[in-house]
Every structure is written in C-alpha cells, then in structure tokens.
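**Student:** Here's a sequence, model it:
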Amino acid sequence: MVQILSGKAVAQKLKQDITVEIDILKSKGVIPTLGIVLVGDEEDSLSYANSAKKRCETLGAGCNIFKFPAGINQDDLEKKILELNENRDIHGYIIMKPLPSQINEKRIAEIIDPAKDIDCMTPKNIAKVFAGDNTGFSPCTARAVMEILNFYQIPIEGKRAVIIGRSMVVGRPLSMMLLKQNATVTICHTRTRDLAKEAKRADILIAAAGKAEMVTKDMVSPGTVVIDVGINFKDGRMVGDVLYEEVEKLASAITPVPGGVGSVTTMVLLKQLVETCRK
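**Tutor:** Purely as a prediction, here's the structure:
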C-alpha cells in the first residue's frame with residue numbers, strides 16, 4: 001500500500017521545534033523578525049507575503065513587508081537592500097520574484113548580506129550548497145524536500161535519485177544535498193533524451209519541472225518514492241508535476257499536491273530565520 005508523505009505532518013514537527021527556539025530567543029529579549037521585499041503589485045507575491053506574515057505572528061516571530069512600486073529603479077532598490085543589511089531589527093529577509101524587467105536581479109543578489117539571505121539568493125550561499133558547507137542557507141524548497149525524506153526515514157544512501165528540473169531553486173541545489181547523503185543523482189531536463197527511461201531507473205523520483213501532470217505511469221517503476229515539487233493550476237484546481245491518480249498506484253510513497261512540499265517550504269524559511277537569528 002502506498003505511503004502518503006504528508007507535508008503537513010512534517011510542517012507540524014518543524015513548527016514545534018521552531019516555537020521552542022523562538023521562546024528561548026524571546027527569553028533573551030530577541031524577537032526573530034523576517035523581512036519580505038515586495039516590488040510591484042503581483043497578486044501571488046502579495047498573497048504569499050501576507051500568508052508568511054500571519055505564520056510568523058502565529059509562532060511569535062515578527063515580520064515586516066517592505067513594499068516598493070513596480071517602477072522603482074535599480075539604484076533606489078539597491079539602496080533599500082543595503083539598508084536592510086544594516087537593519088539590526090531584521091534578522092533575515094527574502095526578495096519576492098520575479099522582479100520588474102528594469103531590475104538586474106543578479107546585481108541585487110550580489111549585494112544581499114549572506115548572513116541574512118535565508119532563501120539562498122547570494123553567490124556565497126549557493127557556493128556553500130555546492131561545496132557541502134552547512135554554514136550557509138539552502139533554497140527553502142530544496143531543503144523542504146530533504147526535510148520530508150528525512151522525516152519519513154526514506155533511505156537515501158546508495159539510492160538512485162532522479163530529478164526532473166535543473167533550476168537553481170530546486171533541481172541543482174537539491175542534487176548536491178542528495179549527493180551529500182550518498183545518493184547517486186541524475187538531473188533530467190527538457191532536452192533529456194528518453195526522459196521516461198531515465199525516470200524509470202529512479203528509486204527516488206523528484207518532479208520539479210513546473211509542468212502540470214507531466215510525470216505519468218509510463219515514467220515510474222513499481223516501488224519508487226515520488227516527490228512532487230510542482231504547483232500548477234489546471235481547470236481551476238491545483239495540481240503537481242505528477243499525474244497523481246496514475247502514479248499513486250505504482251509508487252511506494254508519494255507526496256500529494258496540495259499538502260506536500262509546499263506545506264513544508266514556509267516552515268523551512270522560518271527555521272532558517274531562527275538559525276540566522278541565533279547566530
């Protein structure tokens with residue numbers, strides 16, 4: 001029988017641990033406070049920011065949303081980022097993407113203080129992930145996948161992990177995190193020849209391509225652990241990158257969408273906020 005890898009259970013455990021850490025910090029007169037930089041009026045970004053703020057407040061942390069007009073120029077935004085670097089009341093911050101076309105995102109990433117970069121945008125933190133150095137911060141979604149695998153005690157060492165997707169947010173950093181736990185990792189992408197054949201070789205299959213229900217039963221071998229990172233909308237409903245109804249019948253374990261990786265990601269962000277605050 002397939003095991004449903006509920007992200008909600010993982011998030012609940014993280015919540016308990018984070019609450020304890022926040023209480024300890026508050027007893028020392030420190031309230032961990034998140035900053036969220038929002039440029040423009042993207043509805044999805046605003047919704048996420050408000051949701052994160054509510055989650056922070058529920059746990060006893062602080063959260064400030066720094067909202068700037070869509071027409072802000074590069075120099076002015078850079079000044080605001082440098083101010084956040086110096087703001088002792090903000091322990092970690094994230095920048096909602098995408099940024100407007102007039103903003104050079106690479107330059108913004110280069111001036112973020114790596115010690116406050118809790119979603120791994122800076123070259124320094126990215127380099128630490130690839131070097132296997134735990135003193136930096138990982139991209140929250142990639143770390144959420146690892147939190148799920150470890151929470152459910154899914155064996156990783158010696159297993160063949162196949163990742164569909166090569167982004168710097170999930171695919172590539174996640175490959176390094178799996179390698180660190182001694183998996184054998186293959187990264188696939190849109191130009192992979194015979195993607196189904198590569199996917200079927202997986203003991204752990206991670207779908208992070210951003211394409212609705214692209215992973216079908218023809219791409220999964222019986223007994224595979226399937227982690228669905230995708231969040232897509234199809235016919236008015238949220239679906240993942242995996243055609244759940246088909247794949248569930250073959251998998252030994254699978255994450256649902258919604259209620260899977262996405263449920264854990266915000267808690268990982270707050271976990272990393274607490275870590276930087278403690279440092």
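
**Student:** in this structure, which spans are helices?
**Tutor:** 7-27, 43-59, 74-86, 105-111, 123-131, 140-151, 171-180, 195-200, 244-247, 261-278 (DSSP state H).

**Student:** tell me the mean pLDDT over the fourth one?
**Tutor:** So the one you mean is helix 105-111. The average of the pLDDT scores along helix 105-111 is 97.

**Student:** How about stretch 3-11?
**Tutor:** Rounded mean pLDDT across stretch 3-11 is 97.

**Student:** cool, stretch 75-93 as well?
**Tutor:** Here the average pLDDT along stretch 75-93 is 98.

**Student:** Flag every buried residue along it.
**Tutor:** Residues of stretch 75-93 classed as buried by neighbour count (16 or more other Cβ atoms under 10 Å): 77, 78, 81, 84, 87, 90, 91, 92, 93. Just so you know, the C-beta spots here come from the backbone N, C-alpha and C atoms, and that holds for glycine as well.

**Student:** I figured residue 108 hits residue 98, correct?
**Tutor:** No. Counting by Cβ atoms under 8 Å, residue 108 does not reach residue 98; the two are 11.8 Å apart.

**Student:** which of the two has more neighbours?
**Tutor:** Legend: neighbour count by other Cβ atoms under 10 Å for residue 108 and residue 98, higher for residue 108 (21 against 11).

**Student:** Look up how far residue 74 lies from the more buried one.
**Tutor:** Distance, residue 108 to residue 74, by Cβ to Cβ, to the nearest Å: 8 Å.

**Student:** before we move on, what about residue 153?
**Tutor:** For residue 153 relative to residue 74 (Cβ to Cβ), the value is 47 Å.

**Student:** Which one of these two is surrounded by more residues?
**Tutor:** Counted by other Cβ under 10 Å, residue 153 and residue 74 do not tie: residue 74 has more neighbours, with 13 against 7.

**Student:** quick one, what contacts that one?
**Tutor:** Neighbour list for residue 74: 102, 103, 104, 107 [criterion: Cβ atoms under 8 Å, 6 or more residues apart in numbering].
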